[in-house]
Every structure is written in C-alpha cells, then in structure tokens.
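Visitor: What would the 3D arrangement of this be:
(one chain, ligands or ions: 2)
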Amino acid sequence: MIILAVETSCDETAISLIETDSKVKPWNSEGLTFKILAHEVSSQIDVHREWGGVVPMLAKREHRKNLPEILARIMNNARLPDGQELGIKVDLIAVTYGPGLEPALWEGINFAKELSVKWQVPIVATDHMHGHMVSALLKLNVNGKSQIVNPEYEIQNIEFPVIALLISGAHTELVLLTSLNDFEILGRTRDDAVGEAFDKVARMMGLPYPGGPEISKLASKFHSGFTAVELPRPMIYSKDLDFSFSGLKTAVLYLIKKLGDLSEEQKIEIAYEFEQAVSDVLVKKTSDAINEHGAKSLLVGGGVIANKTIRQALSGLATKLGVNLYLPDQKFTGDNATMIGMAGFLRAKDTSNLLLPDTSTFEELKAKGNLALYK
Ligand code: KG4
Ligand code: ZN
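Guide: Ligands and ions are numbered 1, 2, ... in the order given. Predicted coordinates for the structure are as follows:
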C-alpha cells in the first residue's frame, strides 16, 4: 500500500510518500515495516523569525506555495532501489486535521481533498499528536540492504499499557495508551506548553525564534557545577498529572529584571536552571503517571524531546522504574509527514475512518485547531 502523507499544522510544510510492506498482514501494526520512498520537510523559520513567532496567515501563504512544489519533487524523487521510476499509484492519503493553526491546517486539508478527488483514493484524517507518538516507535531497519535509497523502517512492538509524554510548542500532555489507537489524556498543561515556555524565555534573553534549541545550546555551556540562580518547579507536588509553566516563565522574567544587563555567564546559568526546572517537573509527573497506571513502557514525542538534558533525565527515570523507553530519532522529533503517514495507517485499520470523495463525511472534514486525540 502506498500512502501520501501531508502535514501543515504549524510552520513546517511536509509531505512523505511511504510504502508499507505488502508481506505483512495489511492492517496489522505488529512488526510492521515500511519504506520511505520520498519525503520533504520545508521549514518556514526564516519567514516567521522576524516576527518572533509563527504568524498563522503567513504560515497559510507559505503552505499554499510550498505544497504543489513539494509534491512535484516528491513524485519525481520517488524511485525504486534500482533507480527506475516508480509507477506511483497512491492508495491512501493521510492528512493532519488538528491540533494546530486552523488557517495552516486548512491548506493541507484542501490540498489532500483535491488529490483524493483527482486520484479517487480515500483520506484518513490524522491527529498531529498521534503522529508524534508514533514517531517514537519508528526504527531504521539495518538489514544489510542499501539504506540510502528508500530506507526501510519498522514500527517497533511496544508493551502496553504505555504512558506517552507529549512535549511540543503547543502541547504538554500525559496520555495512557492501551493500544496504538486507544488513548486517554491523564493530564495536560493548564497554561503554557513546555516548548512555548522555552521559546518565551529565549525571547526574554534576546535569543531568536525558535528558542528551544538556543536555550539548550546555552545550557550545555554550564560547567561550574554550582548556580546561585534558583527557579521554581511549578505543580511538582500537586496530586494530579497536570502541568503549569507560565509561573516558571514569569520567575525568569522577574529574575532578568532584577539582574539588569545579563552577562554571558548569567545567561548560561539561567538557561541551565530553567532546563533543570522543566526537566524535574516532567520527570516527576511522568513517574507518577507510570506508577499510578502500572505502565510497562514510556514513549515520548514532540519537538522538545530534541533536548538532550530532558532525554537523559527521562532515560534515567525509565531505568529506575524498569520500564522500556521509546524516544524518537532526532530526525523525527520535529514536525514531519512520515509520522502522520504511519499514524494515519494505524487509524485506517478501522475502515470507518476512511473518507471517500462524494460522501458526507468527506465534505464534513474540517480543520480542528483544538483537537485532543481525535476528540
Ligand atoms: O513538535 P514541534 O516541532 O512543533 C509543534 O507541534 O509545536 O515542537 C516545536 C517546539 C518549539 O517550541 C521548539 O522551541 C521546541 O519544540 N524545541 C526544543 C528543542 N528543539 C525544539 N525545546 C527544547 N530543546 C530543544 N533542543
Ligand atoms: Zn508537532
């Protein structure tokens, strides 16, 4: 089966063309392998940077311009391993319909709908956060075959119940999974998302957007072993699994105001302590969720898991609790369409999720900015 996946929820325009292994049972995810025939992620960071964050209408404009260009390149680049052109017949289109910026999401949806009508193939509407979860399970198959053209991946088997920690620019959530298609949100942020807090703190320190990688770079320069800077760990001892990061962000703001012009050393200390505070809260809440639900595995997804300190802290937690840990490869931490294709494929297991042209469900497919795991 060949899947074309489209992702436009924020400031990345991404398309992937994926072929699932026809040798395995079509809808069985266990040990499922697939090949990436072609893929592209076009970042709009340079367009949004001068505004200090993502501007929805600019994102929309860029997606509209990028989508047809990327599709043309994808179809042109998709090749069989022997270099011959592939007679591509797409069987399924997976598209992100939420959560995200609605003007941006609409561009992907309308594009997918046009292709669906043109090719007469079904659409599966996919939740962006489901994609981030699946991204943690994608593993490159190194089986002696050439991995340069059409690299082969598998969706790793995972033992349930699973706790998923989702940390991105707009989300901070703990989710209980009893299968790769059954979710219960256990807790979420009451205000800012982790990535948002990273971006805002970076901005306060005069660093460019997106701030997460900038803070991360600064923090890694901290070597003195002692810092006089002390920041709060909001809600760390609250009895629920919710988070709050706006107080931490405000604490940084007050600190910066108090210190006045920051030296490079002070910036490094603030970045380091901020990262430690975030990491401590994420570890504590994730630990509580694993213990409360007797989870066998921990899975983490979203752009913030590119952060090395947080990766290490969660690895330590998994070892301590004796659970299996699944973290995405660095190339799958940020937004991409491969994760959407595979989440869509899992979703399409239930054929009632397939939307066909000229049906009412197809007409009703719309962008849902606040989608929370398909609800
Ligand atoms: O998942 P993602 O690419 O887009 C959303 O769906 O939001 O996440 C983007 C977020 C941004 O807030 C960015 O600053 C953050 O991920 N991020 C990081 C790092 N790399 C990206 N945060 C902390 N440390 C990093 N190394
Ligand atoms: Zn994302």
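Visitor: hey, let's count contacts and neighbours off CA atoms from now on
Guide: Will do.
Visitor: Any chance of the backbone angles for residue 125?
Guide: Torsion angles at residue 125 (phi, psi; degrees, to the nearest 10) stand at phi -80, psi 130.
Visitor: Residue 337 now?
Guide: phi -90, psi -20.
Visitor: what about it, neighbour count?
Guide: By other CA atoms under 10 Å, 30 other residues sit near residue 337.
Visitor: check contacts around it.
Guide: 5-7, 14-16, 39-41 (CA atoms under 8 Å, 6 or more residues apart in numbering).
Visitor: would you list these in a markdown table and tack on distance to ligand 1?
Guide: Below are these laid out as a markdown table (distance: CA to the nearest ligand atom, whole Å):
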| residue | distance to ligand 1 |
| --- | --- |
| 5 | 16 |
| 6 | 14 |
| 7 | 10 |
| 14 | 12 |
| 15 | 15 |
| 16 | 16 |
| 39 | 16 |
| 40 | 15 |
| 41 | 11 |
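Visitor: Highest neighbour count among those?
Guide: residue 7 (35 neighbours).
Visitor: Surely it and residue 40 touch.
Guide: No - with contact defined as CA atoms under 8 Å, residue 7 does not count as touching residue 40 (10.4 Å).
Visitor: Now the common contact residues for these two.
Guide: Among the neighbours of residue 7, those also in contact with residue 40 (CA under 8 Å, 6+ apart) are 14-15, 336-337.
Visitor: Among those residues, which pair sits farthest apart?
Guide: Maximum pairwise distance in the shared contacts of residue 7 and residue 40, criterion CA to CA, is 7.5 Å, between 15 and 336.
Visitor: any shared contact partners between those two?
Guide: Shared contacts of residue 15 and residue 336 (CA under 8 Å, 6+ apart): 7, 40-41.
Visitor: from the contacts of residue 337, which ones fall inside strands?
Guide: 5-7, 14-16, 39-41 (DSSP state E).
Visitor: Including pLDDT, could the residues you listed go into JSON lines?
Guide: Converted to JSON lines, these look like this (pLDDT from 0 to 100):
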{"residue": "5", "pLDDT": "98"}
{"residue": "6", "pLDDT": "98"}
{"residue": "7", "pLDDT": "98"}
{"residue": "14", "pLDDT": "98"}
{"residue": "15", "pLDDT": "98"}
{"residue": "16", "pLDDT": "97"}
{"residue": "39", "pLDDT": "94"}
{"residue": "40", "pLDDT": "95"}
{"residue": "41", "pLDDT": "97"}
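Visitor: Grab the CA positions of stretch 90-101 and hand them over as PDB.
Guide: Provided in PDB are the C-alpha atoms of stretch 90-101 (Å, rounded to 0.1, in the frame of the first residue of the first chain):
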ATOM      1  CA  VAL A  90      -1.300   6.200  -4.200                       C
ATOM      2  CA  ASP A  91      -3.800   4.100  -2.200                       C
ATOM      3  CA  LEU A  92      -4.400   6.300   0.800                       C
ATOM      4  CA  ILE A  93      -3.900  10.000   1.700                       C
ATOM      5  CA  ALA A  94      -3.200  10.800   5.400                       C
ATOM      6  CA  VAL A  95      -3.600  14.500   6.400                       C
ATOM      7  CA  THR A  96      -3.200  16.300   9.700                       C
ATOM      8  CA  TYR A  97      -6.600  17.900  10.600                       C
ATOM      9  CA  GLY A  98      -5.600  19.200  14.100                       C
ATOM     10  CA  PRO A  99      -4.500  20.300  16.500                       C
ATOM     11  CA  GLY A 100      -2.700  23.300  15.100                       C
ATOM     12  CA  LEU A 101      -3.200  26.700  13.500                       C
END
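Visitor: Tell me which residues of it come out buried.
Guide: By neighbour count on 16 or more other CA atoms under 10 Å, the buried set for stretch 90-101 is 90-101.
Visitor: quick one: residue 188 and residue 174 touch, right?
Guide: Yes - between residue 188 and residue 174 there is a contact at 6.3 Å, judged by CA under 8 Å.
Visitor: ok, those two, which is more surrounded?
Guide: Neighbours were counted for residue 188 and for residue 174 using other CA under 10 Å; residue 174 has more, 26 against 21.
Visitor: looking at this, the more buried one is in a strand?
Guide: Yes - the assignment for residue 174 by DSSP: H, G, I helix; E, B strand; the rest coil puts it in a strand.
Visitor: gap between it and residue 282?
Guide: 10 Å (CA to CA, to the nearest Å).
Visitor: what does residue 251 give?
Guide: 18 Å.
Visitor: Equivalent analysis for residue 353, please.
Guide: From residue 353 to residue 282 the distance is 33 Å (CA to CA).
Visitor: Of those two, which one has the most company?
Guide: Neighbour comparison, residue 353 and residue 282: the larger count goes to residue 282, with 24 against 16 (by other CA under 10 Å).
Visitor: can you pull the pLDDT of that one?
Guide: In this prediction, residue 282 carries a pLDDT score of 98.
Visitor: May I have the secondary structure class of it?
Guide: Recorded secondary structure, residue 282: helix (three-state DSSP).
Visitor: Can you give me the distance of it to ligand 1?
Guide: 13 Å (CA to the nearest ligand atom, to the nearest Å).
Visitor: List the contacts of that residue.
Guide: Contacts of residue 282 (CA under 8 Å, 6+ apart): none.
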